[in-house]
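> Below: sequence and its predicted model.
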Amino acid sequence: MRTRFVGSVRVRRKHSHGKKQRSSYVARALMYRIRILRRALKDIANLPKGYARLVSEHIDRLQDNPLCAAPLVASSETDASAGTPWLLMDEVHDQHNDTPWTPEQLTYALVELAQLHRAYIQNPAPLEQAELLCCDNPWYEKVGATLPEIFQQLDRDYDLSLPSDVRDRVSQQIVALAVQVERLPRTLVHGDFDPGNVVMISEDQIAALDWGLAHCNVPLIDVAHMVGRFDAATSRSMAVRYFEALDLPVFPLRSKEDVLKFVVLGDYLHQVFFLWWHSHVVLSGWEEVDVYKRAIWERSHALAAHVYRKRILCFSSRFIRAWEIFKSKYIGIERLGKSNQ
């Protein structure tokens, strides 16, 4: 690639990494990694202006948490050459190399994640003040209501070819889901917490990279995204360790079915978030449209195929009472986070 500048930093080469070959840019001076965050800031994604600044403020707070691997160096709303927000992160040297992660190591990462989730659940004020994207009840309702129009635009402009019955079912299920997740706590989530974004920065410290999709959401999405790639027994064991570390009565684990319920719900919510995100990625004119278009098609069919919504995603009165008690004891507010309407 051609040498380019971001502020006063000379960017020398493009660097691809991870199983998905995601690209970042490495600067020769001090080996800084630059994350170019191309956000649809206006009509499409409904993200607030100043998003790079808001995300950078949260990364600033995260730097005191051992789970955050890369310290933030700088951020800006615009790159002179591309006109897009960007974050400048310190380079991280992974001591794990290419050795596959074991479930035990990733469980340790989940335990660290639980501490971060718990801190923001018990003190949601920083999330509210920063006005990060918050996937709360109104957000899910809005996504469900606007998806048919988004699907039509994707079909018209990018030949998505999504069957009408799949479109309708996905939209209906997301709207129904909004009511069921209203009582769940929100926290700061990583957004893409998987083995590809985990690094070992010392013998006794595992941390996470790529906080570019960090936002306010139900903590279950991070857990489900990590454990869902293992067999049922391993997934359950990892999830139990996470919930034990989280130690909140809103997530009672009295049976294997309880664990399954929370993991399945988290997976469903994570699929919804990425369906929304990938749709806006395509409509924003990003590169690799075909890759994201395929992801939209696959996620839509997966969401439409969920046949256990009534059995798993409807919470018992015992679950609801536990959450109400937790709110009155620890928080004393009606809802965490802010609406993005």
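Arrived safely, thanks for sending.
> shouldn't Pro195 be in contact with Leu106?
Yes - the pair Pro195 and Leu106 qualifies as a contact (C-beta atoms under 8 Å) at a distance of 6.3 Å. (C-beta placed from N, C-alpha, C; glycine too.)
> Tell me which of those two has more neighbours.
Neighbours of Pro195 and Leu106, each counted by other C-beta atoms under 10 Å, are more numerous for Leu106; the result is 21 against 15.
> what residues does the one helix or strand the more buried one maps to touch?
Using DSSP states H and E, Leu106 maps to helix 103-122. Contact partners of helix 103-122, identified using C-beta atoms under 8 Å, 6 or more residues apart in numbering, comprise 62, 65-67, 126-127, 185-190, 193, 195, 198, 200, 206-208, 219, 222-223, 226-227, 230, 234, 237-238, 241-243, 245-248, 330-331, 336.
> Kindly report the domain assignment for this protein.
Here the domain parsing of the chain from automatic domain parsing is 4-89, 103-331.
> Comparing the ones you listed by mean pLDDT, which bottoms out?
With a mean of 44, domain 4-89 has the lowest mean pLDDT of those.
> and the helix holding Leu106, which residues are buried?
In terms of neighbour count (16 or more other C-beta atoms under 10 Å), helix 103-122 has its buried residues at 103, 106-114, 116-118, 120-121.
> show me where the stretch 201-341 of the chain has strands.
Here the stretch 201-341 of the chain has its strands, by DSSP state E, counting those that start in this stretch, at 205-208, 215-217.
> The last one - contacts with which helices or strands?
On a contact count with 3 or more C-beta pairs under 8 Å, 6 or more residues apart in numbering; DSSP states H and E, strand 215-217 meets strand 187-189.
> Return the list of helices and strands in contact with the strand it packs on.
Applying 3+ C-beta pairs under 8 Å, 6+ apart, we find strand 187-189 packed against helix 103-122, helix 125-130, strand 215-217.
> which other residues reach that strand?
Defining contact as C-beta under 8 Å, 6+ apart, one finds that strand 187-189 is touched by 58, 116-118, 120-121, 124, 126-127, 132, 214-219, 221-222, 336.
> In contact with Leu303, which residues?
Counting by C-beta under 8 Å, 6+ apart, Leu303 makes contact with Arg169, Val170, Gln173, Ile174, Tyr268, Gln271, Val272, Leu275.
> Pipe those into JSON lines and attach neighbour count per row.
JSON lines is the format used below for the contacts of Leu303 (neighbours: other C-beta atoms under 10 Å):
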{"residue": "Arg169", "neighbour count": "17"}
{"residue": "Val170", "neighbour count": "27"}
{"residue": "Gln173", "neighbour count": "17"}
{"residue": "Ile174", "neighbour count": "24"}
{"residue": "Tyr268", "neighbour count": "24"}
{"residue": "Gln271", "neighbour count": "21"}
{"residue": "Val272", "neighbour count": "26"}
{"residue": "Leu275", "neighbour count": "23"}
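> I'd like to know which of these is nearest to Tyr292.
Nearest to Tyr292 among the contacts of Leu303: Leu275, at 10.6 Å, using C-beta to C-beta.
> show me the contacts for the closest one.
Contacts for Leu275 (C-beta under 8 Å, 6+ apart) come out as Leu147, Val170, Ile296, Arg299, Ser300, Leu303.
> Correct me if wrong: the third one contacts Leu154.
Okay, so that is Ile296. Yes - with contacts counted by C-beta under 8 Å, Ile296 reaches Leu154, the gap being 6.8 Å.
> shared neighbours of the two, anything?
Leu160, Leu162, Ser279, Val282.
> Next, give me the two most distant ones among those.
Leu162 and Val282 (12.3 Å).
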